[in-house]
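>>> task: produce atomic coordinates for the following.
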Amino acid sequence: MLAVKSMDVRDNFKEWCNKVISGETLVVSRPKNENVVIVSEKEYNELAKAKRNEEYLKKLDHSFAQLEQGEVIHKSLEELRAMIDE
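Numbers count the residues shown, from 1 in each chain. Just a heads-up that it's a prediction; the model follows:
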């Protein structure tokens, strides 16, 4: 992980982008500690996927807890088809 001042990024943007594409994570320091992090699109997509997976697993855990507590509704295939026709 690299940390740089925003002015350095502005002056050498292409160089810093190349480092990010090569796998570095870039922390750009800004006033009032309002820093930003620059990552490659590939790494961003991996982070976004991990977040979606975590949310999905939480939903599964909640569903399993409901199942264990008996908080389920049983419907036959015929009942489900009848609901469509309503």
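>>> distance between the ends of stretch 67-78?
End-to-end span of stretch 67-78 (CA to CA, to the nearest Å): 22 Å.
>>> okay, the nearest residue to residue 25 once chain neighbours are set aside: pLDDT?
Once flanking residues are discounted, residue 25 sits nearest to residue 1: 4.6 Å by CB to CB, 6 or more residues apart in numbering. Where you see a C-beta, it was placed from the backbone N, CA and C, and this is true even at glycine. In this prediction, residue 1 carries a pLDDT score of 90.
>>> next up, the contacts around residue 1.
24-27 (CB atoms under 8 Å, 6 or more residues apart in numbering).
>>> equivalent analysis for residue 52, please.
Residue 52 neighbours (CB under 8 Å, 6+ apart): none.
>>> for it, give its distance to residue 30.
Shown here: residue 52 relative to residue 30, a distance of 29 Å by CB to CB, to the nearest Å.
>>> is the residue nearest to the spatial centre of the chain within a helix or a strand, and which one?
Centroid-nearest residue in the chain: residue 48, 2.6 Å away (criterion: CA atoms, centre = their mean). Element membership of residue 48 [criterion: DSSP states H and E] is helix 41-68.
>>> check the offset of the helix or strand containing residue 84 from the chain's centre.
Using DSSP H and E, residue 84 maps to helix 77-85. Here helix 77-85 is found 37 Å from its chain centre; the criterion is CA atoms, centre = their mean, to the nearest Å.
>>> can you tell me how far residue 84 sits from residue 33?
According to CB to CB, residue 84 stands 56 Å off from residue 33.
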